[in-house]
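> pasting the sequence and the predicted model now:
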Amino acid sequence: MMMEVKKMARKNNTKLRELMDEFGVKTMDDVHAFVKMLTAETIQAALDGELENELGYSKYDYKNKNTDNSRNGYSTKTVQGAVGEMEISVPRDRNGEFEPQLVKKHQTDISAIEDKIIFMYSQGISTRDIQKTMQEMYGIDVDDSRVSKITDKVLPLVREWQERPLQSVYAMLMLDAIHYCVRDNGIVVKKAAYIAIGTDLEGRKDVLGIWVGATESSKYWLNVLNGLKNRGLKDILIASVDGLSGFVDAINTAYPQTEVQRCIIHQIRSSTRYVSYKDRKAFTADLKLIYKAATEDLALLALEDLSNRWSAKYPLSVKSWQANWPELSTMFKYPPEIRKLIYTTNAIENFNRQLRKVTKTKSAFVSDGALMKVLYLATMNITE
């Protein structure tokens, strides 16, 4: 079943891509016209679904037909929506019994409902709750499958966003991953949403992309970085990352001139997990002398003091600072104002926190596509 859904989604996406190419979307006016056409297509698809539910059989599926009623073509109707006037085709039945709910008879203004489903979906509201809300607020019956069909219209926009050209140089790139449970061939597995946030040379931040893949690994990060390069990103001055093993090697492979700053906060968390609670306050106070030092020479003296005081008791904690020093000390090349920007990935963690607000109601997503739709829509709301 899952494979059939994915195949159908791929087929629909290919068709939409062909439509975009055929439509010749090149300017903002083209975009607005295409969105209007896409909205009309979405509404018509939903109306077709309503009639199918009413009749109880799919088009041409006469084997399962248990009614004397049947389809009877379409009637055109001009409606006013948030994107302007559009013409839609309303399906008819032979007996004249069909009463469409999404766009009722004689209704010409649909601006109050056309974006509601996608907006609620972007807020992390489940399809079941969307169905309930649409019924209670607008008297519209929208089942789970119809919500999925409507929100699937977002997928081509996701792909276009993921493939958009990037600036050639970014002053800083923050990379992190957030993990979700996703159904894959009937089994719930952990997957990672890889996130890249870039800061351009004028200080503006932008989410360069989100990719859903296997559990976080340096190999997948290398694919992400090569993808950024293919989109026109030629150079990154500084990359701020967490402590994932192999992360630095992946960055050096894709962007050998990029300086890497390992997140100090992640490093503190990682090293203090070996420290007993009664020693943690004193240990973190000694760590502060390292990363708050005015120069790298003073930081190295503080690291030496840390080693002399704690190596015997917590060798792994001290060793992690010594082993990762080349990436932990990058910040000392820059003045204090820049250090504050690069020595932690707090900005991307704040972004992740806002994503979790939207996704926290989901114990597991039905597919990678379902997860990506929510993350994309939430990202558009956050970055707005």
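Received, thanks.

> C-alpha from now on. contacts and neighbour counts both.
Noted.

> list the buried ones in the lengthiest helix in the chain?
As assigned by DSSP state H, the longest helix anywhere in the chain is helix 28-55. Using 16 or more other Cα atoms under 10 Å as the test for burial, helix 28-55 gives 33-34, 36-52, 54-55.

> toward the C-terminus from that helix, list the very next helix or strand.
Using DSSP states H and E, the helix or strand that follows helix 28-55 towards the C-terminus is strand 71-81.

> between that following strand and helix 28-55, how many degrees?
Using axes from the mean of the first three to the mean of the last three Cα atoms, to 10 degrees, the direction of strand 71-81 lies 140 degrees away from that of helix 28-55.

> can you name every helix or strand that strand 71-81 contacts?
When contacts are defined as 3 or more Cα pairs under 8 Å, 6 or more residues apart in numbering; DSSP states H and E, strand 71-81 packs onto strand 84-93.

> contacts for the strand it packs on?
By Cα atoms under 8 Å, 6 or more residues apart in numbering, the list of residues contacting strand 84-93 from outside reads 36-37, 40-41, 43-44, 47-48, 51, 69-80, 98.

> what does stretch 161-174 give?
Outside stretch 161-174, the residues touching it (Cα under 8 Å, 6+ apart) are 196-201, 203, 208-210, 228, 231-241, 342, 345, 348.

> please state the offset of that stretch from the chain centre?
Relative to its parent chain, stretch 161-174 has a centroid offset of 16 Å by Cα atoms, centre = their mean, to the nearest Å.

> show me the domain layout of the chain.
Using the TED database, the domain parsing of the chain gives 19-111, 113-163, 164-383.

> next one: the last one to chain centre, how far?
Yep, that's domain 164-383 we're talking about. On Cα atoms, centre = their mean, the centre of domain 164-383 falls 17 Å from the chain's centre.

> from start to finish, how long is it in a straight line?
In domain 164-383, first residue to last residue: 16 Å (Cα to Cα, to the nearest Å).

> flag every buried residue along the helix or strand where T379 lies.
Assigned by DSSP H and E, T379 belongs to helix 368-383. Neighbour counts over helix 368-383 (16+ other Cα under 10 Å) mark 368-379 as buried.

> ok, so of those residues, who is nearest A214?
Of all the buried residues of helix 368-383, A214 sits closest to D368, with 10.4 Å by Cα to Cα.

> list the residues that contact that closest one.
182-183, 212.

> out of the residues you listed, which is nearest to A312?
V212 (42.3 Å).

> could you count how many residues lie near that closest one?
21 (other Cα atoms under 10 Å).

> so I118 sits right up against T151, yeah?
Yes: between I118 and T151 there is a contact at 6.0 Å, judged by Cα atoms under 8 Å.

> more neighbours: which of the two?
Taking other Cα under 10 Å, I118 and T151 do not tie; I118 has more neighbours (22 against 19).

> now do the contacts for M372.
If you count contacts by Cα under 8 Å, 6+ apart, then M372 has 158, 211-212 around it.
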